[in-house]
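J.: Kindly return the folded structure for what I paste below:
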Amino acid sequence: MLGELGFAVCDADHVAHALMNRGTSVFRKVVDHFGEQILTEEGEISRSILGQLVFQNTEQLKKLNAIVHPAVRNKLEEWICEIRAGEKQGAVLLPLLFESRMQDLKWDAVICVSSPEKQVFQRLEKRGLSRKEAELRMNSQMPLAEKEQRSDYVLPNIGTLGALELAVRKTVEAIMLER
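T.: Next comes the predicted model:
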């Protein structure tokens, strides 16, 4: 939606996935720590196997985050600098903003898109996660109410896609007026 409004958009999850591709330093660190059992037959990190390991063990999740989050932060800082140098409008999709402690980057505004837990479970299950896997992932994150409280804007995603698009437009307009 932000892309349609003319923003350059960077998805932090895509950045993290790219940083874990074979041949990168992050890939090597992850494999060194978790072992080759996390690799697919093609030699890439299996996100499902890795997810099973880390979402069932808080210490392993902390270790993975300690490897991946600093590298993601560096890439996001580079991207933000490029966007600002080019005087473009940019948005970063960063679901783990607070958990990764990246709220201190120079954001113009933090927007939390919020959905009821039931809808979140349904979406995760549509992505192929079992109820148990979805619960483990959700429980590894900061409670949504706390994310809402720490954000500048909260957009409830409880209705239609059109309603969410309208809320995004109004929020972007409000942010632009404040600048």
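
J.: per-domain residue ranges of the chain.
T.: 8-92, 108-179 (automatic domain parsing).

J.: gap between the two ends of the shortest one?
T.: From its first residue to its last, domain 108-179 covers 8 Å (CA to CA, to the nearest Å).

J.: on that earlier part again, can you add mean neighbour count and give the domains of the chain back as TSV?
T.: For the C-beta atoms, the positions are set from N, CA and C on the backbone; glycine is no exception. Formatted as TSV, the domains of the chain follow (neighbours: other CB atoms under 10 Å):
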stretch	mean neighbour count
domain 8-92	15
domain 108-179	14
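
J.: For the protein, which helix extends over the most residues?
T.: In the chain, assigned by DSSP state H, the helix with the most residues is helix 58-85.

J.: could you give me the average pLDDT of it?
T.: In this model, helix 58-85 has a mean pLDDT of 95.

J.: which strands and helices sit next to it?
T.: Contacts defined by 3 or more CB pairs under 8 Å, 6 or more residues apart in numbering; DSSP states H and E place helix 58-85 against strand 8-11, helix 12-19, helix 25-34, helix 47-54, strand 90-93.

J.: quick check: angle from it to helix 25-34?
T.: 170 degrees (axes from the mean of the first three to the mean of the last three CA atoms, to 10 degrees).

J.: before we move on, the earlier item: lowest average pLDDT across the helices and strands packed on helix 58-85?
T.: helix 47-54 (a mean of 92).
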